[in-house]
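A.B. asks: Here is my input; please provide its structure:
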Amino acid sequence: MRALWALLRRELLAIYSSPIAWVVLATFLLLSGIYFYEILWVLSRPAAPYGTPMAMFFGGSLLSYVPLLLFVSAITMRTFAEEEHSGTIEPLLTAPVGRNVIVAAKFLGAWIFYLSLWAPTAAYPLFLWSRADPAFGPIAAGYLGVALFGAALTALGLLASALARTQIVAAILSFGFGASWLLAGVGAAVLSPDSLGARVLRRASVFEMMDRFRVGIADSRDVVFCVSLSLLALLLCRAALDVRRAS
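C.D. replies: Okay, here's the model as predicted:
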């Protein structure tokens, strides 16, 4: 546990001392602020569509998720690829700690940064509560969905960084993993609704999953899916490190 904490502190220090992290944070806050303002403006119109501000804020279209893929790719691309570039990957992999601890520390560091992107957005429901009485359950479920989605994206990003030799390749590969997950929802709409493939893709669909979370439905199957995908990606990341160490 002490080794995990030491590596996690090292990882957080590396992330928060990186200019890319602060650019990502500033860009995310700017875009989320504009998006939330636009939602309030749309809902204030006489012919406004049905919906609550936070439910719309937590997604619903492809454009809601593509920036997240870019932000997570920008952060996770450095986790192992930068170690390779700087020549510190060998000392890290030969350190007297298990590779599971290394992967866990890298994952937790990147995921904590991802969560810190969303932390300032807690001001939005506070603003709404000061002027109305929105339900707490859907807001809490929406943040849970965002956290689980981010955990899976972060794990996929770590896998990409472990497979790649450069940060650019790692970012492209990470974005590709995330985009493939998003396209599962598009594929479900193309196939016959009653087919086995469509049912499987609907269960894996980010859009349908977040549609449930943002209206307050925390389906245990969605939780299990995201956790399982995260663990699978981290296990493959550990395997990629083992291959790298043996080569």
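
A.B. asks: Centroid-wise, who is the farthest residue in the protein?
C.D. replies: P46 (35.1 Å; Cα atoms, centre = their mean).

A.B. asks: quick one: that residue and R221, what's the gap?
C.D. replies: For P46, the distance to R221 (Cβ to Cβ, to the nearest Å) stands at 39 Å. All C-beta spots, glycine's among them, are computed from the backbone N, C-alpha and C.

A.B. asks: so where does the residue farthest from the centre of the chain fall, helix or strand?
C.D. replies: Using DSSP states H and E, no element contains P46; it sits outside every helix and strand.

A.B. asks: Same question for V200.
C.D. replies: V200 belongs to helix 196-204, assigned by DSSP H and E.

A.B. asks: What average pLDDT does that helix get?
C.D. replies: The predicted model gives helix 196-204 an average pLDDT of 73.

A.B. asks: what's the answer for stretch 216-224, then?
C.D. replies: pLDDT averaged over stretch 216-224 gives 90.

A.B. asks: what does it contact?
C.D. replies: The set of residues external to stretch 216-224 that reach it, using Cβ atoms under 8 Å, 6 or more residues apart in numbering, is A135, G137, P138, A141, L144, G145, L148, R203, M209, R212, F213.

A.B. asks: Give the buried residues for the helix or strand the third one falls within.
C.D. replies: Element membership of P138, judged by DSSP H and E, is helix 136-163. Within helix 136-163, the residues that count as buried by 16 or more other Cβ atoms under 10 Å are 138-139, 141-143, 145-146, 148-163.

A.B. asks: F225 touches R212, doesn't it?
C.D. replies: No - using Cβ atoms under 8 Å, F225 is not in contact with R212; the gap is 11.5 Å.

A.B. asks: Can you get me a residue count around W129?
C.D. replies: 12 (other Cβ atoms under 10 Å).

A.B. asks: Revised request: answer the last question for P125.
C.D. replies: Around P125 there are 18 other residues, counting by other Cβ under 10 Å.

A.B. asks: thought it was touching F57?
C.D. replies: No - assessed by Cβ under 8 Å, P125 is found out of contact with F57, at 9.1 Å.

A.B. asks: Can you show me the CA trace of the helix or strand where R10 lies as CSV?
C.D. replies: Per DSSP H and E, R10 falls inside helix 2-16. Extracted C-alpha coordinates of helix 2-16, given in CSV (Å, rounded to 0.1, in the frame of the first residue of the first chain):
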residue,chain,number,x,y,z
ARG,A,2,2.9,2.3,0.8
ALA,A,3,4.4,1.7,-2.7
LEU,A,4,1.1,2.4,-4.3
TRP,A,5,0.8,5.7,-2.5
ALA,A,6,4.3,6.7,-3.4
LEU,A,7,3.8,5.9,-7.1
LEU,A,8,0.4,7.7,-7.0
ARG,A,9,2.0,10.8,-5.6
ARG,A,10,4.7,10.7,-8.2
GLU,A,11,2.0,10.3,-10.9
LEU,A,12,-0.2,13.2,-9.7
LEU,A,13,2.9,15.4,-9.4
ALA,A,14,3.8,14.6,-13.0
ILE,A,15,0.3,15.2,-14.2
TYR,A,16,-0.3,18.5,-12.4
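
A.B. asks: residues in contact with it?
C.D. replies: Residues outside helix 2-16 that contact it (Cβ under 8 Å, 6+ apart): 21, 75, 78-79, 97, 101-102, 104-106, 108-110, 112-113.
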